[in-house]
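Chemist: Predicted model, plus sequence, below.
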Amino acid sequence: MSKNSFIYNHSIKVHHSILIALLLFGIAALPYIESGNFSYVNWDDDPYIWDNTIVKGGLTVEGWNYAWDPSQDPYLMPVTRLGFMLQVQLFGIENPGAFHLVSVALHAINTLLVFWFLLLTTSRLWPSALVAALFAVHPLHVQGVAWISEQKELWSTLFGLFALIAYYYSSINQLFHSTAGRNFYLLTVLAFLLSLLAKPMWLTFPALLLVIDFWPLQRLKFGVIRSRIIEKLPFFFLSILWVIMSIRYMKIGENTDSFSTTPFSAGFTTIPASYGLFLWKSFFPVPLTMPYTLFVDEPPALWLWSGSMFLLLFISVILGTRWRNHPWEIAGWLWFLGTLSLVLFSVGSAQMTPLSDHWTYVPHIGLFSAIAFSLPLKASGWKQWLTIAIVIFAISVFSFMSWRQAATWKNSETLWLHNLAVHDGNNHFASFNLGNYYLSLNQYDKAFHYFSKSLQQRPHEAYYIVNLGSTLLHMGRNEDAWKVYDRLLKQAPASYAILTALGRSAISLGHEPHGIAHLKKSIRDSAKTDPLNSYIARIYLGILLWLANKPEEARMALLKLPVIATKGVIINNCKSWQEIINDLGKVRPKILKIPLNLVPGCIAQQNNQK
């Protein structure tokens with residue numbers, strides 16, 4: 001295909017494209033029209049934003065350094081973190097609706113970029129508009145837009161799409177053989193890098209460039225495959241570098257989410273079934289929830305695995321045989337399979353992590369392209385009108401479904417109640433998070449109900465037991481709390497989190513010897529892996545030692561309080577000590593008599609107050 005055939009077809013009136021773009025922007029925003037009244041949710045929004053001290057401070061030098069600290073997250077994402085800080089600076093932390101509206105704006109811009117990219121590369125107005133419209137309103141994308149924490153996906157996609165557009169301009173300007181080509185190539189590398197710095201969802205970008213070289217750019221011929229691969233070497237280098245960094249910081253092989261009870265190898269059996277699930281939900285997106293508990297506790301049934309494998313192979317073979325006359329079909333299919341493969345293989349390595357709708361955000365561009373460019377939109381007679389009617393119906397239904405689904409993200413309560421409704425009340429993760437929500441509101445009876453419900457399904461889950469015990473302590477049921485914790489100790493070796501909770505419970509109950517033993521073990525177990533737990537456990541240990549009439553041992557324990565940072569801020573030893581003393585003193589007034597200068601950092605502060 002000649003160079004000019006890639007350029008925007010000027011026979012299409014420019015104002016038509018502008019009107020369609022404005023319509024697409026409105027279509028993308030419409031399902032989220034109420035999101036300005038939404039709040040944060042208690043899944044990732046707390047550590048990322050509203051409970052993150054340094055992010056709440058807005059744009060600062062300290063915030064800049066924190067954003068680039070790879071130890072703060074499983075992967076580096078400074079673009080996203082700085083984006084959150086900028087929004088705090090502009091709108092304030094107490095205005096979550098503004099964060100939601102930023103997400104909607106990013107989604108609408110991504111919709112326009114999808115339209116722009118396809119229109120540039122194919123010169124076909126209506127199929128490009130249809131792909132963008134389906135991308136804008138599909139219900140599976142609600143999770144990525146309505147969940148503030150997933151702005152990382154929106155930013156990543158924005159820069160990824162910019163990288164594709166820059167690559168197109170580089171290719172039509174002879175890539176390395178002209179100044180314009182080299183400049184656009186460098187812009188492609190920069191945009192790809194920014195995408196990775198937002199969230200490494202575009203790690204398959206080099207392979208995706210080879211797919212669009214095949215279609216729609218038609219640059220991938222048998223005689224030039226080697227040179228086309230060489231062109232992509234900088235992108236392959238960045239992707240490999242990011243994989244190495246991710247392995248370094250994600251602690252591959254550790255199941256930190258405590259979702260799965262299945263063996264490591266079983267995770268990979270979910271990959272074909274997950275493809276099948278997302279393909280099905282792309283056409284029939286009901287019911288939708290977060291997260292899905294399918295394949296978490298056990299691998300998919302043999303019939304589902306084999307059926308999904310057959311379907312994937314069948315579609316691949318059929319579309320592969322049509323590659324000459326219908327190249328967009330196999331190209332779109334490869335886009336879908338390739339970009340979704342990243343997260344699905346991560347699922348396999350992470351021991352069956354729950355599936356999430358937002359993983360389809362980028363893959364759907366390929367799937368929708370394979371469909372839209374095959375429709376007879378320019379056919380005459382009844383075929384054209386039938387196609388148009390089906391398209392309008394699909395967009396209308398998807399838009400309505402997205403609006404309904406977006407409403408479930410109003411706050412933590414609506415989100416998790418919806419999840420429980422979808423699962424007939426049997427989702428331990430939703431029950432646990434709903435219990436956390438009510439615990440934060442001091443609604444202890446409701447918190448107790450949902451923590452108990454989560455433990456009915458996962459009786460050995462450490463964090464569920466910790467929070468149930470904490471709720472019982474707040475309810476004044478100290479003996480019951482001790483029994484809850486003690487039950488776990490008898491069932492299996494306790495985690496350091498349980499031991500720390502037992503130590504706190506011992507303070508309330510006056511079980512000093514048992515509490516001291518538990519806390520010392522907790523400190524040993526968590527000193528290297530969880531310094532914050534070690535820090536809190538050491539404060540509890542100091543209190544118990546003082547209560548046990550061992551003031552010198554208490555002083556020595558508190559002398560070893562580590563200097564640590566949490567959420568980007570160095571903990572103030574004296575302030576933490578005073579807050580914990582005041583809190584526990586409500587349960588045992590004797591604690592209020594503990595001298596503050598047991599912690600060395602409090603000596604000067606006491607003197608200054610006098």
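Modeler: Thanks, I have the structure now.
Chemist: I'd like to know how many residues surround Ser195.
Modeler: Using other Cβ atoms under 10 Å, Ser195 is surrounded by 25 other residues. Heads up, the C-betas are built off the backbone N, CA and C, glycines and all.
Chemist: List the buried residues in the strand or helix carrying it.
Modeler: Element membership of Ser195, judged by DSSP states H and E, is helix 179-198. The neighbour-count criterion (16 or more other Cβ atoms under 10 Å) identifies 181, 184-185, 187-189, 191-198 as the buried residues of helix 179-198.
Chemist: of those residues, closest to Pro96?
Modeler: Nearest to Pro96 out of the buried residues of helix 179-198 is Ala198 (Cβ to Cβ; 20.3 Å).
Chemist: worst-scoring helix or strand of the chain, pLDDT-wise?
Modeler: Lowest on mean pLDDT, DSSP states H and E among the helices and strands of the chain sits strand 569-570, with a mean of 46.
Chemist: and after it, which helix or strand comes next?
Modeler: helix 573-585.
Chemist: Packing partners of that next one?
Modeler: Applying 3 or more Cβ pairs under 8 Å, 6 or more residues apart in numbering; DSSP states H and E, we find helix 573-585 packed against helix 496-509, helix 531-547, helix 601-609.
Chemist: so it versus helix 496-509, what angle?
Modeler: 60 degrees (axes from the mean of the first three to the mean of the last three Cα atoms, to 10 degrees).
Chemist: Just give me how far helix 573-585 sits from the chain centre.
Modeler: Remark: helix 573-585 is offset 34 Å from the chain centroid, using Cα atoms, centre = their mean, to the nearest Å.
Chemist: residues making contact with that helix?
Modeler: 504, 507-508, 535, 539-540, 543, 558, 561, 591-592, 594, 596, 598-602, 605 (Cβ atoms under 8 Å, 6 or more residues apart in numbering).
Chemist: Can you say which of those residues are buried?
Modeler: Buried by 16+ other Cβ under 10 Å: 504, 507-508, 535, 539-540, 543, 558, 561, 591, 594, 598-599, 601-602, 605, out of these.
Chemist: Return the member of those nearest to Lys521.
Modeler: Tyr540 (12.5 Å).
Chemist: Contact partners for the closest one?
Modeler: Listed by Cβ under 8 Å, 6+ apart, the contact partners of Tyr540 are 500, 503-504, 507, 515, 519, 580.
Chemist: now Phe373
Modeler: 122, 124, 127, 131, 328-329, 332.
Chemist: And the residue nearest the centre of the chain?
Modeler: Closest to where the C-alpha atoms of the chain average out (Cα atoms, centre = their mean) is Glu150, at 5.3 Å.
Chemist: Grab the nearest non-local neighbour of that residue.
Modeler: Gly144 (4.7 Å; Cβ to Cβ, 6 or more residues apart in numbering).
Chemist: Surely that neighbour and Trp155 touch.
Modeler: No: using Cβ atoms under 8 Å, Gly144 is not in contact with Trp155, being 11.0 Å away.
Chemist: low-confidence ranges in the stretch 301-450 of the chain?
Modeler: Applying pLDDT under 70 to the stretch 301-450 of the chain flags the ranges 346-354, 379.
Chemist: about what we covered before: contacts for the helix or strand just after the helix holding Ser195 next, please.
Modeler: Proceeding N to C from helix 179-198, the next assigned helix or strand is helix 205-214, under DSSP H and E. For helix 205-214, contacts defined as Cβ under 8 Å, 6+ apart pick out 121, 160, 163-164, 167, 171, 192, 195, 202, 219-220, 228-229, 231-232, 235-236, 239, 327, 331, 334-335, 338-339, 366.
Chemist: Just the buried residues out of these, in ChimeraX syntax.
Modeler: Buried residues within the contacts of helix 205-214, by 16+ other Cβ under 10 Å, are selected in ChimeraX with:
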select :121,160,163,164,167,171,192,195,202,219,220,228,231,232,235,239,327,331,334,335,338,339,366
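Chemist: From the contacts of helix 205-214, which land in helices?
Modeler: Counting by DSSP state H, the contacts of helix 205-214 place 121, 160, 163-164, 167, 171, 192, 195, 228-229, 231, 235-236, 239, 327, 331, 334-335, 338-339, 366 in helices.
Chemist: residues contacting the closest residue in space to Gln151 that isn't next to it in sequence?
Modeler: Among residues not flanking Gln151 along the chain, Ser103 sits closest, at 5.6 Å (Cβ to Cβ, 6+ apart). Shown in contact with Ser103 (Cβ under 8 Å, 6+ apart): 32, 35, 145-148, 150-151, 154.
Chemist: likewise Gly57?
Modeler: Gly57 touches 63, 85, 88, counting by Cβ under 8 Å, 6+ apart.
Chemist: Can you tell me how far it is from Gln151?
Modeler: 18 Å (Cβ to Cβ, to the nearest Å).
Chemist: Next: Val55.
Modeler: Val55 is 12 Å from Gln151, where distance means Cβ to Cβ.
Chemist: Overlap in contacts, these two.
Modeler: Shared contacts of Val55 and Gln151, counting by Cβ under 8 Å, 6+ apart, come down to Phe84.
Chemist: Quick check: which helices or strands does the helix holding Ser195 pack against?
Modeler: Using 3+ Cβ pairs under 8 Å, 6+ apart, helix 179-198 sits against helix 78-91, helix 151-172, helix 233-250.
Chemist: which residues touch it?
Modeler: Residues contacting helix 179-198 (Cβ under 8 Å, 6+ apart): 76-80, 83, 152, 155-160, 162-163, 166-167, 169-171, 173-176, 201-203, 205, 234-235, 238, 242.
Chemist: is it true that Pro216 lies in a strand?
Modeler: No: secondary structure assignment (DSSP: H, G, I helix; E, B strand; the rest coil) places Pro216 in coil, not in a strand.
Chemist: Quick check: the gap between the residue nearest to it when sequence neighbours are not counted and Phe314.
Modeler: Among residues not flanking Pro216 along the chain, Thr121 sits closest, at 4.2 Å (Cβ to Cβ, 6+ apart). The gap separating Thr121 from Phe314 is 28 Å, by Cβ to Cβ.
Chemist: pretty sure Leu119 is touching Ser128, no?
Modeler: Yes: using Cβ under 8 Å, Leu119 makes contact with Ser128 at a distance of 4.4 Å.
Chemist: So between the two, which is more surrounded?
Modeler: For the pair Leu119 and Ser128, the greater number of neighbours falls to Ser128 (26 against 23), based on other Cβ under 10 Å.
Chemist: who's in contact with the more buried one?
Modeler: Taking Cβ under 8 Å, 6+ apart as the test, what Ser128 contacts is 115, 118-119, 122, 372.
Chemist: now Ser399
Modeler: 27, 30-31, 137.
Chemist: If we use 10 Å, what do you get?
Modeler: 27-28, 30-31, 133, 136-139 (Cβ atoms under 10 Å, 6 or more residues apart in numbering).
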